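**Q** quick one, fold the following:
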Amino acid sequence: MTAPGGMRLDKWLWQARFFKSRSLSAAQVADGRIRINGQPVSKSATLVRPGDVLTFAQGTRIRVVRVCGTSVRRGPAAEAQMLYDDLDAADSAPQRLA
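**A** Okay, the predicted model is just below:
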């Protein structure tokens, strides 16, 4: 289930079902709206690996997730949830964008 060298950021965000299409995830990356381990990223080809922490806005929420693995295909939601740990779920009050 995990690729040894990592996976493109836009593809991982799409496979983990954070965005409906790969082009939407690529646009978010190109706009600099995604951070990997606290560093802004603007290239879709940036590789994500297990252990990386991603921060990004999704709707009105700020999502913080830890990459647990990669996949060879975009599977069902239950399979996609196995690709990450939701770190913002640990907070008692979720952060919202104004």
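**Q** can you tell me the centre-most residue of the protein?
**A** residue 13 (4.2 Å; C-alpha atoms, centre = their mean).
**Q** quick one: the host helix or strand of that residue to chain centroid distance?
**A** Using DSSP states H and E, the element containing residue 13 is helix 9-15. Its chain's C-alpha centre and that of helix 9-15 lie 7 Å apart, by C-alpha atoms, centre = their mean, to the nearest Å.
**Q** which strands and helices sit next to it?
**A** Helices and strands touching helix 9-15, as assessed by 3 or more C-beta pairs under 8 Å, 6 or more residues apart in numbering; DSSP states H and E, comprise helix 22-30, strand 34-36, strand 47-48. Yep, even glycine has a C-beta here, placed from its N, CA and C like the rest.
**Q** ok, back up a step: who touches the nearest residue to the residue nearest to the centre of the chain once chain neighbours are set aside in this structure?
**A** Counting by C-beta to C-beta, 6 or more residues apart in numbering, residue 13 lies nearest to residue 25, which is 3.9 Å off, once chain neighbours are set aside. By C-beta atoms under 8 Å, 6 or more residues apart in numbering, the contact set of residue 25 is 9-11, 13-14, 18-19, 44.
**Q** which one (most neighbours) among those residues?
**A** Across the contacts of residue 25, the neighbour count under other C-beta atoms under 10 Å reaches its highest value at residue 13, namely 27 neighbours.
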